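*Asks:* structure, please.
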Amino acid sequence: MTLSWAGDEFTVPADRQLMLIAEIEDALSGNSGLQAIVILARRGGPSHSRLALAYGAALRYAGANVTDAEIYNAIMEGFATQSSEVAVLVQDAVLGLLSIVSPPAARKLNEAADPEKKPKRPRRKSKAVAG
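*Replies:* As a prediction, the model looks like this:
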């Protein structure tokens, strides 16, 4: 799994991903008791502050030297300058976190967002008819 920040990429090995999921869940849910997948998948997604906390936790877990405040300020700077890129970056961060927390849910959302991608139907095995 690879995360990006400020043009750099950071990788989390597969054997460390469960602890990363726990870090993300804690950052997203706080004291609410809500599941991370619920927060990420709901209309509007997480608050920008919770998104910054979760993405920051994930980046630091992967080895980045970044603060939650830097991430939050980058989001707010994008909105202040009315940059159209900030909405895409926020959406990408939400989908990235969802991909970490629940790869199947992220896959379903991506399929729903891209009508060109149709889910593959499982092939039926032909049954031999005894006669």
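
*Asks:* buried set for stretch 24-38?
*Replies:* Across stretch 24-38, burial judged by 16 or more other Cβ atoms under 10 Å covers 24-25, 27-29, 36-37. Bear in mind the C-beta positions are built from the backbone N, C-alpha and C, glycine included.

*Asks:* where along this structure do the strands fall?
*Replies:* In the chain, the segments counted as strands under DSSP state E are 2-5, 8-11.

*Asks:* need the max-distance pair from the buried residues of stretch 24-38.
*Replies:* A27 and I37 (13.8 Å; Cβ to Cβ).

*Asks:* so who does T2 touch?
*Replies:* 9-12 (Cβ atoms under 8 Å, 6 or more residues apart in numbering).

*Asks:* and the residue nearest the centre of the chain, what does it touch?
*Replies:* For the chain, the residue nearest the mean C-alpha position is L97 (1.9 Å; Cα atoms, centre = their mean). Going by Cβ under 8 Å, 6+ apart, L97 touches 24, 28, 36, 40, 51, 54-55, 58.

*Asks:* out of those, which are inside helices?
*Replies:* The helices, defined by DSSP state H, take in 24, 28, 36, 40, 51, 54-55, 58 from the contacts of L97.

*Asks:* which among those gets closest to R16?
*Replies:* Among the ones in helices among the contacts of L97, and counting by Cβ to Cβ, the member closest to R16 is A58, at 11.4 Å.

*Asks:* distance-wise, check that closest one relative to R43.
*Replies:* From A58 over to R43 the distance is 23 Å, taken as Cβ to Cβ, to the nearest Å.

*Asks:* dump the strands of the chain to a markdown table, plus distance to G78.
*Replies:* Output for the strands of the chain, formatted as a markdown table (distance: least, Cβ to Cβ, whole Å):
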| stretch | distance to G78 |
| --- | --- |
| strand 2-5 | 14 |
| strand 8-11 | 18 |
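
*Asks:* low-confidence ranges in the chain?
*Replies:* 113-131 (pLDDT under 70).

*Asks:* mind doing that once more with 90?
*Replies:* 1-7, 11-17, 30-34, 37, 41-45, 78-96, 98-131 (pLDDT under 90).

*Asks:* so which of the strands of the chain is the most packed in?
*Replies:* Stretch with highest mean neighbour count among these: strand 2-5 (a mean of 16; mean count of other Cβ atoms under 10 Å).
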